[in-house]
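Undergrad: Here's my sequence, what's the structure:
(2 chains)
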2 protein chains.
Amino acid sequence: MDRVPILKLGNALLVTIQVDMHDRLATALEEDLSAKIVSSRAKGVVIDISGLDIVDSFMGRMLDNIAAVSRMLDAETVVVGMRPAVAITLVELGLELNGIRTALDLERGMKMIQARLEEGRDRDETLADVE
Amino acid sequence: MDRVPILKLGNALLVTIQVDMHDRLATALEEDLSAKIVSSRAKGVVIDISGLDIVDSFMGRMLDNIAAVSRMLDAETVVVGMRPAVAITLVELGLELNGIRTALDLERGMKMIQARLEEGRDRDETLADVE
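TA: Numbering: from 1, shown residues only, chains lettered A, B, ... in the order given. This is a model prediction of the structure:
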């Protein structure tokens, strides 16, 4: 496999990680994702890792990188479907994914992004009122 | 990888196929998917194959099988993200995926399933009126 598919879903992009990411695949995903955030004007990125039984420090750093780049492009990253064993391993590895939000499943992750959009809209309206 | 993740999204289930399916993986997917259609009362299955550059007759038959089983369980299957080369290969293989609907991307596939649900609801209301 050369590329991880990125699906557009409303204001968010969805990535399902199913295989162990090697260097080239991870780099390609980061590039594709940042290009697609810009081209689709997405406000959120949902990364589903329910297919992963185990996780290593490379994967943890990749998630961190994706979240950091997405934040620069004004999109929030939500990791969904994390298995308990994966959460334990990430903490043991010292990768606590600061700055990444997590949700139990895709639907809750989508709701988080939606809620953030609505907050943003309210704030814009308040600013407009002030003007 | 032992399992392809199945994500719930509203009234539909979403499966992203990224790797070549071997026998055991395909059987596991068919079993998991039918169990999840029942447990989540899903009315549709969206299969994204945008990650596939090529397709063989095994994959074609697997899609056919999934659609047939889903139909038995009253869920419609929509295949999304098919690349032109994949469509050409499927026709050349004589696998025209009769009974499977296709859509260009996930969003259109979800709309198809939503539209079918609304039709069903209208019909139920008409039946209720008759009673």
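Undergrad: okay, CA-based contacts and neighbour counts for the rest of this
TA: OK.
Undergrad: Strands of chain A, start to end?
TA: Secondary structure of chain A, counting by DSSP state E: strands at A:6-9, A:12-16, A:44-48, A:76-80, A:101-103.
Undergrad: Please identify the pairing partners of the shortest one and their relative orientation?
TA: Right, the one you point to is strand A:101-103. Strand A:101-103 sits in its sheet next to strand A:76-80 (parallel), going by DSSP bridges.
Undergrad: now the angle between strand A:44-48 and the strand it pairs with, please.
TA: For strand A:76-80 against strand A:44-48, the angle by axes from the mean of the first three to the mean of the last three Cα atoms, to 10 degrees is 20 degrees.
Undergrad: what about dumping the CA coordinates of strand A:76-80 to PDB?
TA: Provided in PDB are the C-alpha atoms of strand A:76-80 (Å, rounded to 0.1, in the frame of the first residue of the first chain):
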ATOM      1  CA  GLU A  76      -8.600  20.100  15.300                       C
ATOM      2  CA  THR A  77      -7.400  16.400  15.500                       C
ATOM      3  CA  VAL A  78      -9.500  13.900  17.300                       C
ATOM      4  CA  VAL A  79      -8.200  10.300  17.700                       C
ATOM      5  CA  VAL A  80     -11.100   7.800  18.000                       C
END
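Undergrad: average pLDDT for it?
TA: Strand A:76-80 shows a mean pLDDT of 96 in the predicted model.
Undergrad: Ok, stretch A:120-127 next?
TA: For stretch A:120-127, mean pLDDT is 74.
Undergrad: Same check on stretch A:33-41?
TA: What stretch A:33-41 shows for mean pLDDT is 96.
Undergrad: which residue is nearest the centroid of chain A?
TA: A:Thr77 (3.2 Å; Cα atoms, centre = their mean).
Undergrad: Just to check, that residue is in contact with A:Ala67?
TA: Yes: using Cα atoms under 8 Å, A:Thr77 is in contact with A:Ala67, at 5.4 Å.
Undergrad: check contacts around the nearest residue to A:Pro5 once chain neighbours are set aside.
TA: Sequence neighbours aside, B:Gly51 is the residue nearest to A:Pro5 in space, at 5.3 Å (criterion: Cα to Cα, 6 or more residues apart in numbering or on different chains). Contacts here follow Cα atoms under 8 Å, 6 or more residues apart in numbering or on different chains; on that basis B:Gly51 touches A:Arg3, A:Val4, A:Pro5, B:Thr16, B:Ile17, B:Gln18, B:Val19.
Undergrad: let's see 7 Å
TA: By Cα atoms under 7 Å, 6 or more residues apart in numbering or on different chains, B:Gly51 lies in contact with A:Arg3, A:Val4, A:Pro5, B:Ile17, B:Gln18.
Undergrad: How about A:Leu106?
TA: Shown in contact with A:Leu106 (Cα under 7 Å, 6+ apart): A:Val80, B:Leu7, B:Lys8, B:Leu9.
Undergrad: And for A:Asp53?
TA: Residues in contact with A:Asp53 (Cα under 7 Å, 6+ apart) are A:Val86.
Undergrad: Dump the contacts of B:Gly51 into a markdown table; add distance to B:Asp105, neighbour count and pLDDT as well.
TA: Below are the contacts of B:Gly51 laid out as a markdown table (distance: Cα to Cα, whole Å; neighbours: other Cα atoms under 10 Å in any protein chain shown; pLDDT from 0 to 100):
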| residue | distance to B:Asp105 | neighbour count | pLDDT |
| --- | --- | --- | --- |
| A:Arg3 | 17 | 16 | 86 |
| A:Val4 | 15 | 26 | 92 |
| A:Pro5 | 11 | 22 | 94 |
| B:Ile17 | 14 | 19 | 94 |
| B:Gln18 | 15 | 22 | 91 |
